[in-house]
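1. Give the three-dimensional model of this entry:
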Amino acid sequence: MDEKGFIEFLTKKKKSDRTINRYTDFARQYEAYLVEHKSGKKMEKAGKKDLHDFEIWVEKNDIKLNQCLWGIKEYY
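-> So this is what the prediction gives:
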């Protein structure tokens with residue numbers, strides 16, 4: 001994940017510091033999932049199936065899916 005570029009992008013979109021931190025955390029969470037469950041795959045290489053599998057994993061782990069998806073959506 002290009003975290004620095006993502007933060008710069010969100011800053012240019014005039015997102016608040018709180019929103020930037022949350023979106024960055026959600027994107028990090030997704031990438032950590034990919035690394036652990038998808039053989040080290042990077043976000044830039046993830047596809048629809050990877051995202052669908054992440055949704056299932058999030059729901060099983062009692063994480064708020066919509067919030068995660070907002071952060072991930074902004075990354076892409």
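2. quick one: the strands in the chain?
-> Using DSSP state E, the chain contains no strands.
3. Leaving out chain neighbours, which residue sits closest to Met51?
-> Residue 51: Leu, not Met. Ile72 (7.3 Å; Cβ to Cβ, 6 or more residues apart in numbering). (C-beta placed from N, C-alpha, C; glycine too.)
4. give me the low-pLDDT residue ranges for the chain?
-> For the chain, no stretch is flagged by pLDDT under 70.
5. So which bits of the longest helix belonging to it are buried?
-> Counting by DSSP state H, the longest helix found in the chain is helix 17-37. By 16 or more other Cβ atoms under 10 Å, the buried positions in helix 17-37 come out as Ile20, Arg22, Tyr23, Thr24, Phe26, Ala27, Arg28, Gln29, Tyr30, Glu31, Tyr33, Leu34.
6. residue contacts, Glu55?
-> Neighbouring residues of Glu55 by Cβ atoms under 8 Å, 6 or more residues apart in numbering: Leu65, Leu69.
7. Nearest the middle, which residue of the chain would you pick?
-> In the chain, the centroid-proximal residue (Cα atoms, centre = their mean) is Ala27; its distance is 2.2 Å.
8. For it, which non-adjacent residue is spatially closest?
-> The shortest distance from Ala27 to any non-neighbouring residue, by Cβ to Cβ, 6+ apart, is to Tyr75 (4.7 Å).
9. tally of neighbours for the one you found?
-> 21 (other Cβ atoms under 10 Å).
10. Okay then, goodbye and thanks.
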